[in-house]
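# pasted the sequence and its predicted model underneath.
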Amino acid sequence: MKKVFSLLVVLLVTVQLFAQPDSKEILGKWKYTVNTGDSEMTGVINITMVDGKLSGNATVDVYTIPFTKIEYNEGNKLLIEMKTESDHYKIDVKVEGTKFSGMGSSYQGEAPITGEKLTE
């Protein structure tokens, strides 16, 4: 019975490991565009790996905002959160190869966001 239970635990852990997308594919710099309806804002998202965990920041004009949360989940869903003194930003996009698209939100509302990975 112990052998069956042990085998089941190993199997479940293995399935979970292979179900997670490879976060290495999203590492690097991504140019993004947010369409606010009135104008387009552009900037760069930099995704890194620090001590085995995803990390990064977003740059807009001369401002750099560190991520407070970043997750890369099943279905190639990338979730990012950032906070400033005056706002809380959330980005929820689907990564497809070297491009992503989805929605960004803040206290000011939601807006579509798209991006493309920059070659280094």
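Cool, got the structure. Numbering: from 1, shown residues only.

# quick one: low-confidence ranges for this structure?
Along the chain, segments meeting pLDDT under 70 span 1-21, 120.

# Lys77 against Ile91, yeah?
No: at 10.8 Å, Lys77 does not count as touching Ile91 under the criterion of C-beta atoms under 8 Å. All C-beta spots, glycine's among them, are computed from the backbone N, C-alpha and C.

# more crowded one of these two?
For Lys77 versus Ile91, the count of surrounding residues by other C-beta atoms under 10 Å is larger for Ile91: 23 against 15.

# list the contacts for the residue nearest to that one when sequence neighbours are not counted?
If the residues on either side of it in the chain are set aside, Ile91 comes closest to Ile80, at 4.2 Å by C-beta to C-beta, 6 or more residues apart in numbering. Ile80 makes contacts with Ile45, Gly56, Ala58, Phe67, Lys69, Ile70, Tyr89, Lys90, Ile91, as judged by C-beta atoms under 8 Å, 6 or more residues apart in numbering.

# next: Ser106.
Asp87, His88, Tyr89, Lys90.

# now those residues in CSV, with distance to Trp30?
Formatted as CSV, the contacts of Ser106 follow (distance: C-beta to C-beta, whole Å):
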residue, distance to Trp30
Asp87, 20
His88, 21
Tyr89, 15
Lys90, 16
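
# who wins on neighbours among those?
Busiest of the contacts of Ser106 [other C-beta under 10 Å] is Tyr89, holding 19 neighbours.

# what helix or strand is Thr119 on?
In the assignment (DSSP states H and E), Thr119 maps to no helix and no strand.

# look up how far Trp30 lies from it.
Taking C-beta to C-beta, to the nearest Å as the criterion, Thr119 is separated from Trp30 by 11 Å.

# where do the helices sit along the protein?
With helices called from DSSP state H, the chain shows them at 2-19.

# in it, which residue is closest to the centre?
Geometric centre of the chain, nearest residue: Leu78, 3.4 Å, by C-alpha atoms, centre = their mean.
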